[in-house]
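[1] sequence-free structure coming up:
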């Protein structure tokens with residue numbers, strides 16, 4: 001195995017959320033394999049994630065505070081607009097800090113740009129001699145609904161490889177004219193020694209209390225499912241800007257006796273060990289880590305089929321149950337089916353625990369190293 005210098009360039013070094021968790025995990029996994037890993041963040045995060053006191057990788061943040069968004073040239077000045085030129089000059093100064101590191105890196109170094117906003121600075125840096133891998137951590141449809149779609153097409157069209165999360169998403173980007181696309185799943189974030197005993201009458205939800213995570217939809221689901229399975233509890237782990245509105249909705253639906261608001265948890269394994277079913281009601285996902293975690297804990301999942309990543313993780317009818325995107329009545333029926341059938345929960349939970357091993361950290365890390373070797377040829 002060739003030991004390399006690997007640079008992750010991201011919006012933030014320790015951003016709270018799925019991308020931040022993935023980034024810290026991959027940096028740690030590659031460092032443990034003997035690679036020298038650095039994470040370069042453009043700006044400090046609004047909400048930081050704890051990456052530990054002595055991580056096995058180095059970190060650098062280019063700005064003390066988040067820089068403003070890119071200015072659009074005023075008509076008819078175009079690129080000679082003084083405000084645009086000042087901003088680009090500032091970006092070049094920040095990018096030069098990366099360039100110095102890239103120039104000093106040995107042959108075989110790799111630059112992985114984990115988010116497209118960060119690519120705006122990498123584009124000003126001197127990456128000569130090192131392959132550049134760009135990444136999009138969301139589904140094609142989610143990207144298309146945002147400003148990131150145009151930026152992915154613009155900023156990643158000339159990188160050595162654009163990685164998305166699934167083959168299905170890769171095919172759709174190829175259809176957009178990008179001929180450098182591949183896919184790389186997220187690795188399993190945890191490998192518990194023992195599965196959940198699946199003995200408590202608890203359905204768990206874990207995620208930020210935001211519009212994207214669809215907890216409002218979940219409460220509508222629970223309003224249909226709970227009366228059909230008395231004694232079961234929906235335990236919602238998470239915090240966020242919509243908590244007050246969601247608690248009010250819960251009360252208005254008459255669910256206060258069967259819903260527990262557990263707050264944010266740093267011990268996902270323990271939360272899942274106290275659960276028998278996991279539910280995800282997101283409006284959109286990339287390659288959701290929490291589904292991987294639930295399956296690793298042997299907890300069968302019911303979820304909206306909201307993205308190719310969800311379909312890639314959960315085999316509907318085999319190790320979990322998928323409802324049509326946004327169909328709350330169908331998701332409620334899936335929950336009732338799992339809550340009412342202990343044998344089904346055990347069968348699907350054990351199958352999930354087996355199937356999810358295809359995303360084991362050692363499997364995904366080896367795929368990354370094979371990609372690095374390929375790009376060096």
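    Ah, there it is. All values derive from a computational prediction rather than experimental measurement. Numbers count the residues shown, from 1 in each chain.
[2] my read: residue 275 touches residue 298, true?
    No: using Cβ atoms under 8 Å, residue 275 is not in contact with residue 298; the gap is 10.2 Å. (Each C-beta comes from the backbone N, C-alpha and C, glycine too.)
[3] between those two, what contacts are shared?
    Contact criterion Cβ atoms under 8 Å, 6 or more residues apart in numbering; residues shared by residue 275 and residue 298: 196, 198.
[4] helix/strand/coil for residue 182?
    strand (DSSP: H, G, I helix; E, B strand; the rest coil).
[5] pretty sure it is touching residue 368, no?
    No: Residue 182 is beyond contact range of residue 368, at 11.3 Å (criterion: Cβ under 8 Å).
[6] of the two, who's got more company?
    Neighbours were counted for residue 182 and for residue 368 using other Cβ atoms under 10 Å; residue 368 has more, 21 against 16.
[7] ok, back up a step: find residues that contact each of residue 182 and residue 368.
    By Cβ under 8 Å, 6+ apart, no residue touches both residue 182 and residue 368.
[8] how far is stretch 145-153 from where the chain is centred?
    17 Å (Cα atoms, centre = their mean, to the nearest Å).
[9] scratch that, stretch 211-225 is what I was asking about
    Centroid separation for stretch 211-225 versus its chain: 21 Å, with Cα atoms, centre = their mean.
[10] now swap in stretch 53-69 and tell me
    In terms of Cα atoms, centre = their mean, the centre of stretch 53-69 is found 19 Å from the chain centre.
[11] can you list the buried residues in it?
    Across stretch 53-69, burial judged by 16 or more other Cβ atoms under 10 Å covers 55, 57, 59, 61-62, 67.
[12] equivalent analysis for stretch 314-332, please.
    For stretch 314-332, the neighbour count (16+ other Cβ under 10 Å) marks 314, 319-323, 325, 328, 330-332 as buried.
[13] which residues sit against that stretch?
    Stretch 314-332 is contacted from outside by 217, 220-222, 224-225, 279, 281, 283, 291, 295, 300-306, 310-311, 333-334, 337-338, 348, 351-352, 354-356, using Cβ under 8 Å, 6+ apart.
[14] can you rerun that using 7 Å?
    Stretch 314-332 is contacted from outside by 217, 220-221, 224-225, 281, 291, 295, 300-306, 310, 334, 337-338, 348, 351-352, 355, using Cβ atoms under 7 Å, 6 or more residues apart in numbering.
[15] those in strands, which ones?
    301-305 (DSSP state E).
[16] distance to residue 158 and pLDDT added to the residues you listed, as TSV?
    What follows is the ones in strands among the contacts of stretch 314-332, written out as TSV (distance: Cβ to Cβ, whole Å; pLDDT from 0 to 100):
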residue	distance to residue 158	pLDDT
301	39	98
302	42	98
303	36	98
304	36	98
305	34	97
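[17] now for the helix or strand where residue 93 lies, which elements pack on it?
    Using DSSP states H and E, residue 93 maps to helix 82-104. Helix 82-104 sits against helix 116-122, with contacts defined as 3 or more Cβ pairs under 7 Å, 6 or more residues apart in numbering; DSSP states H and E.
[18] could you redo the last one with a cut-off of 10 Å?
    The contact analysis (3 or more Cβ pairs under 10 Å, 6 or more residues apart in numbering; DSSP states H and E) places helix 82-104 against strand 5-10, strand 36-41, strand 58-61, strand 110-113, helix 116-122.
[19] show me what the third one pairs with in its sheet, parallel or antiparallel.
    Sheet partners assigned to strand 58-61 using DSSP bridges are listed as strand 36-41 (parallel).
[20] buried sites along stretch 192-206?
    192, 195-196, 198, 200, 202-206.
[21] re the thing from before, out of the ones in strands among the contacts of stretch 314-332, which is nearest to residue 187?
    Closest approach to residue 187 among the ones in strands among the contacts of stretch 314-332 (Cβ to Cβ): residue 301, at 18.0 Å.
[22] ok, the nearest residue to the closest one once chain neighbours are set aside to residue 198 distance?
    Distances taken as Cβ to Cβ, 6 or more residues apart in numbering place residue 320 nearest to residue 301, at 4.0 Å, with adjacent residues excluded. Counting by Cβ to Cβ, to the nearest Å, the gap from residue 320 to residue 198 is 14 Å.
[23] need the overlap of contacts for the two.
    277, 299-300, 338, 348-349 (Cβ atoms under 10 Å, 6 or more residues apart in numbering).
[24] measure stretch 189-203 end to end?
    21 Å (Cα to Cα, to the nearest Å).
[25] run the chain-centre distance for it.
    22 Å.
[26] so for it, mean pLDDT?
    For stretch 189-203, the mean per-residue pLDDT is 94.
[27] reformat the buried residues of stretch 314-332 as CSV; add pLDDT and distance to residue 164.
    Listed next are these as CSV, based on pLDDT from 0 to 100; distance: Cβ to Cβ, whole Å:
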residue, pLDDT, distance to residue 164
314, 98, 19
319, 97, 23
320, 98, 22
321, 98, 26
322, 98, 20
323, 98, 24
325, 95, 19
328, 98, 29
330, 98, 28
331, 98, 26
332, 98, 32
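[28] how about those, which pair is most distant?
    319 and 328 (22.4 Å).
[29] can you list the helices and strands packed on helix 82-104 in CSV and add mean pLDDT?
    Shown next, in CSV, are those (pLDDT from 0 to 100):
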stretch, mean pLDDT
strand 5-10, 98
strand 36-41, 98
strand 58-61, 96
strand 110-113, 98
helix 116-122, 96
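[30] thinking again about what came up before, quick check on the contacts of stretch 314-332: which are buried?
    Among those, those classed as buried by 16+ other Cβ under 10 Å are 217, 220-221, 225, 281, 291, 295, 300-306, 310, 334, 337-338, 348, 351-352, 355.
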